[in-house]
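Peer 1: A predicted structure for the sequence below; I have some questions about it.
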Amino acid sequence: MKQPFIIKTGWPEHPEEVARFLDRNFDFDRMTTALLEEKLFADPQADPGLCFSAYHGEVLAGFLFAVRRDIRGEAFGYVKLMAVEKAHRRKGIGTALYLAAEESLVAKGATKIRIYDVPLNYFMPGIDPRYTPALCLAWKMGFTQFGESVNMVADLTSYDWSTEKEEKILQSKGIEVRRARKEDKDALFGLLEEEWLLWQNEAGMALKNDPPSAHIALKNGRIKAFSLHNANNKGTGWFGPMGTHADMRGLGVGSILLKRCLKDMREEGHRTAIIPWVAPVAFYAHFVDARIERVFWRNEKEVLLGK
């Protein structure tokens, strides 16, 4: 029996149509044309050969975008975005889109595939289990859950986020705290190479903003800590990432840099800050009274080359 839909490969001719489609079919997330274009075209490994659209007649009924990355010596494929029109679910569209993506990812050398938790440029750090049909499809396709991640949220209206007093204490110890400048890129990337190589793309995005949405701490003229915001999912109120070199930890540098970013975000008109893909939950809960808002399940599938 002929399937009632066709799948096209390549960049969408009308991104605004795809953005409206995703926004309509994401129950717990929003999508705009600008955000979609960031997820597609601003990805450092953007590949139109991994962008798939399913059409039922002339109507967009499904969409999937994937990327291939080499991460710490492993060849990963990632499904970054995926949705099926609610009226066209249970017709095999999601399965067909995924299988097309898997075939292409394997052909490009992927040996493992994950869903949504895409380093460098991502939409969400896993599948929100409230998207139950998406989880069921993943498990049907052979994925298994291997971990969990959380997003936290901080109320930006509760404090003034001033750090002048704390910064003066650091200054007396020879530590300078300031907003990063575009010319700091090489020095910041040098720090990131030591421990946070996967965050260079987000740091580069933050430095492109005007003013740069990055704050740094320096000791003897060398960058030793950083925090970023508006570096991923731009315009949506996302904080991070941030990090402090081992020889500067325990001095309060991280909390100061965090609050500097939150102050920026409040001045930009945000009432809350999203702190995504959090590891140190206690840190954010203690210093900015952040609370866990969402949970995401991380799923992975091993695939065989030449399959």
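Peer 2: Sure thing, it's come through.

Peer 1: going forward, measure contacts and count neighbours with C-alpha atoms only.
Peer 2: Will do.

Peer 1: How about the contacts made by residue 134?
Peer 2: Shown in contact with residue 134 (C-alpha atoms under 8 Å, 6 or more residues apart in numbering): residue 127.

Peer 1: From residue 110, how far off is it?
Peer 2: 21 Å (C-alpha to C-alpha, to the nearest Å).

Peer 1: One more: residue 41?
Peer 2: 21 Å.

Peer 1: Please identify which of the two sits among more neighbours.
Peer 2: residue 110 (24 against 13; other C-alpha atoms under 10 Å).

Peer 1: doesn't residue 301 make contact with the more buried one?
Peer 2: No - here residue 110 lies out of contact with residue 301, judged by C-alpha atoms under 8 Å, at a distance of 10.6 Å.

Peer 1: Let me know how buried residue 120 is, in neighbour terms.
Peer 2: Residues near residue 120, counting by other C-alpha under 10 Å: 18.

Peer 1: Checking it next. Helix, strand or coil?
Peer 2: Secondary structure for residue 120, judged by DSSP: H, G, I helix; E, B strand; the rest coil, is coil.

Peer 1: Might you report the residue contacts of it?
Peer 2: Listed by C-alpha under 8 Å, 6+ apart, the contact partners of residue 120 are 43-44, 198-202.

Peer 1: Tell me the spacing between it and residue 70.
Peer 2: Noted for residue 120: a distance of 11 Å to residue 70, by C-alpha to C-alpha.

Peer 1: ok, now residue 26?
Peer 2: 29 Å.

Peer 1: Same question for residue 28.
Peer 2: Remark: distance between residue 28 and residue 70 (C-alpha to C-alpha) = 30 Å.

Peer 1: do residue 98 as well
Peer 2: Between residue 98 and residue 70 the computed distance is 20 Å (C-alpha to C-alpha).

Peer 1: more crowded one of the two?
Peer 2: More crowded of residue 98 and residue 70, by other C-alpha under 10 Å: residue 98, with 21 against 11.

Peer 1: For that one, which three-state class applies?
Peer 2: Under three-state DSSP, residue 98 falls in the helix class.

Peer 1: For it, which non-adjacent residue is closest in space?
Peer 2: Nearest residue to residue 98 in three dimensions, chain neighbours excluded: residue 64, at 7.5 Å (C-alpha to C-alpha, 6 or more residues apart in numbering).

Peer 1: Dig out what the one you found forms beta bridges with.
Peer 2: residue 52, residue 82 (DSSP bridges).

Peer 1: ok, now which ones touch it?
Peer 2: Residue 64 touches 51-53, 79-83, 97-98, 101, counting by C-alpha under 8 Å, 6+ apart.

Peer 1: How about residue 241?
Peer 2: If you count contacts by C-alpha under 8 Å, 6+ apart, then residue 241 has 199, 202, 227-229 around it.

Peer 1: farthest-separated two in those residues?
Peer 2: Pairwise distances across those peak at 12.2 Å for 199 and 229 (criterion: C-alpha to C-alpha).

Peer 1: Just want to know which of those two has more residues nearby.
Peer 2: Here residue 199 and residue 229 are compared on neighbour count by other C-alpha under 10 Å; more neighbours surround residue 229, at 32 against 20.

Peer 1: Excluding covalently adjacent residues, which one is nearest to that one?
Peer 2: Closest residue to residue 229 apart from its sequence neighbours, by C-alpha to C-alpha, 6+ apart: residue 239 at 4.2 Å.

Peer 1: so the one you found is in which element?
Peer 2: Using DSSP states H and E, residue 239 maps to strand 239-244.

Peer 1: again, but for residue 283
Peer 2: With DSSP H and E as the test, residue 283 turns up in helix 281-288.

Peer 1: With residue 78 instead?
Peer 2: Counting by DSSP H and E, the element that carries residue 78 is strand 74-84.

Peer 1: just how off-centre is that strand within its chain?
Peer 2: Offset of strand 74-84 from its chain centre (C-alpha atoms, centre = their mean, to the nearest Å): 12 Å.

Peer 1: same thing with stretch 161-180?
Peer 2: The chain centroid and the centroid of stretch 161-180 are separated by 29 Å under C-alpha atoms, centre = their mean.

Peer 1: And that stretch, what's buried?
Peer 2: Residues of stretch 161-180 classed as buried: 161, 167, 170, 175-177, 179-180 (neighbour count, 16 or more other C-alpha atoms under 10 Å).

Peer 1: still on that earlier bit, any chance of the contacts of residue 241 in TSV, with distance to residue 115 too?
Peer 2: Shown next, in TSV, are these (distance: C-alpha to C-alpha, whole Å):
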residue	distance to residue 115
199	19
202	20
227	26
228	25
229	24
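
Peer 1: nearest to residue 214, of these?
Peer 2: residue 228 (4.4 Å).
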